[in-house]
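Engineer: how would this look folded up:
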Amino acid sequence: QVQVVESGGGLVQAGASLRLSCAASGRTGSGYRVGWFRQAPGKEREFVAAITWSGGTTDYADSVKGRFTISRDNAKNTVLLQMNSLTPEDTAVYYCAADTSRIWSTRRDSYEYDYWGQGTQVTVSS
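Structural biologist: Coordinates of the predicted model:
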C-alpha cells in the first residue's frame, strides 16, 4: 500500500503561480510512478501530468504544456507540480495518484493508478 497526500492548493488570481506537492508514504521502496489529475465542477476527471519513477520521462496534457512542470525528489518521496500562468480554466480539485507497477512508463488513464489522495482545491479568479 502507498499513501499519497496532496497539498499546496489555494485561491489565486489569473496569471499567478502555485506549486502543488504530493507526499508519498508506505511501501514506496520499490518505486512508483505518479500522475496528477484534476476535476472541475460538472466535468470528468482529466489527466494533467505524469512522471516515471526515475523522473526521466514526463508527460503533459496539451492544455497545460508549457505552463506546468512535474518533478520529483525520491529522497523525500515527494512529487511537485509547478503551475504557472494560471487561468480560470485551471480551477479544479487536483489529485495525485501513484502506481507501483510499470514504474518506467507514464500513463494518462486514471485506471492505471491504484493509490489516490483526497485532492487539493485550486481556484483561479479572473
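Engineer: Please spell out which residues along stretch 34-41 are buried.
Structural biologist: Neighbour counts over stretch 34-41 (16 or more other CB atoms under 10 Å) mark 34-38 as buried. Quick note: C-beta positions are derived from backbone N, CA and C, even for glycine.
Engineer: now swap in stretch 113-123 and tell me
Structural biologist: In terms of neighbour count (16+ other CB under 10 Å), stretch 113-123 has its buried residues at 113, 115-117, 119-120, 122.
Engineer: What segments of this structure are helices?
Structural biologist: Taking DSSP state H, the chain contains no helices at all.
Engineer: Quickly list what the residue at minimal distance from the centre of the chain is bridged to.
Structural biologist: For the chain, the residue nearest the mean C-alpha position is W36 (2.4 Å; CA atoms, centre = their mean). For W36, the beta-bridge partners are A49, C96 (DSSP bridges).
Engineer: How about the contacts made by it?
Structural biologist: 20, 22, 47-50, 70, 79, 81, 94-97 (CB atoms under 8 Å, 6 or more residues apart in numbering).
Engineer: neighbours of S30, just the number please.
Structural biologist: The local packing of S30 (other CB atoms under 10 Å) involves 10 other residues.
Engineer: I'd say it and D99 touch.
Structural biologist: No: using CB atoms under 8 Å, S30 is not in contact with D99, being 11.5 Å away.
Engineer: Can you show me the strands along the chain?
Structural biologist: With DSSP state E as the definition, the chain shows strands at residue ranges 2-7, 10-13, 18-26, 33-39, 46-51, 58-60, 68-73, 78-83, 92-99, 115-116, 120-125.
Engineer: Could I get those in CSV, plus columns for distance to R108 and mean pLDDT?
Structural biologist: Shown next, in CSV, are those (distance: least, CB to CB, whole Å; pLDDT from 0 to 100):
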stretch, distance to R108, mean pLDDT
strand 2-7, 18, 97
strand 10-13, 26, 98
strand 18-26, 17, 97
strand 33-39, 7, 98
strand 46-51, 4, 98
strand 58-60, 7, 98
strand 68-73, 13, 98
strand 78-83, 15, 98
strand 92-99, 11, 98
strand 115-116, 15, 98
strand 120-125, 20, 98
